[in-house]
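# Here is my input, please return the structure:
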Amino acid sequence: MELTHLVSQVVFATAGLTFFVGLGARAVRYAKKGSAGAQVLGAAFLFFSMGNMRDPSDEIMQQAKQLKRREEDDSGDPPDDADRGDGASSADHA
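Next comes the predicted model:
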């Protein structure tokens, strides 16, 4: 009884997985045609958050550009009196 139950579960799981893989392949073919129905289906998936419209490479490029702008705009720390090299120290100014 246990073995029969296990075998039936494995067969059902394999059939279900095969069905979903086949359905996914058909959906990809349908989407590649670019028909209006495929666009509506894609919009429905996006509506239910089943798709991701962010382009990670574009996001990385934007972050890199922001960092570069910050580095170009950053003039650095103001020089300390001790770093001026004229022999004056902060103790002399006190």
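
# Any buried residues in stretch 60-73, and which?
Residues of stretch 60-73 include none that count as buried (16 or more other C-beta atoms under 10 Å). Yep, even glycine has a C-beta here, placed from its N, CA and C like the rest.

# avg pLDDT for that stretch?
Across stretch 60-73, pLDDT averages out at 84.

# just use 26 as the starting number from now, easier for me
OK, 26 is where the count begins now, so the last one is stretch 85-98.

# quick one: contacts of that stretch?
By C-beta atoms under 8 Å, 6 or more residues apart in numbering, the list of residues contacting stretch 85-98 from outside is empty.

# export it as PDB, just CAs?
Presented in PDB, the C-alpha positions along stretch 85-98 are these (Å, rounded to 0.1, in the frame of the first residue of the first chain):
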ATOM      1  CA  ILE A  85      24.600  49.100 -11.900                       C
ATOM      2  CA  MET A  86      25.600  51.700 -14.600                       C
ATOM      3  CA  GLN A  87      23.600  54.400 -12.900                       C
ATOM      4  CA  GLN A  88      25.200  53.600  -9.500                       C
ATOM      5  CA  ALA A  89      28.700  53.800 -11.100                       C
ATOM      6  CA  LYS A  90      27.900  57.100 -12.800                       C
ATOM      7  CA  GLN A  91      26.600  58.600  -9.500                       C
ATOM      8  CA  LEU A  92      29.800  57.400  -7.700                       C
ATOM      9  CA  LYS A  93      32.000  58.900 -10.500                       C
ATOM     10  CA  ARG A  94      30.100  62.200 -10.100                       C
ATOM     11  CA  ARG A  95      30.600  62.200  -6.400                       C
ATOM     12  CA  GLU A  96      34.300  61.500  -6.800                       C
ATOM     13  CA  GLU A  97      34.700  64.300  -9.300                       C
ATOM     14  CA  ASP A  98      32.800  66.800  -7.200                       C
END
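
# so where is this structure shaky, pLDDT-wise?
74-81, 99-119 (pLDDT under 70).

# ranges for the strands of it?
Taking DSSP state E, the chain contains no strands at all.

# most residues in a single helix of this structure, which one?
Ranked by residue count, the top helix of the chain under DSSP state H comes out as helix 27-58.
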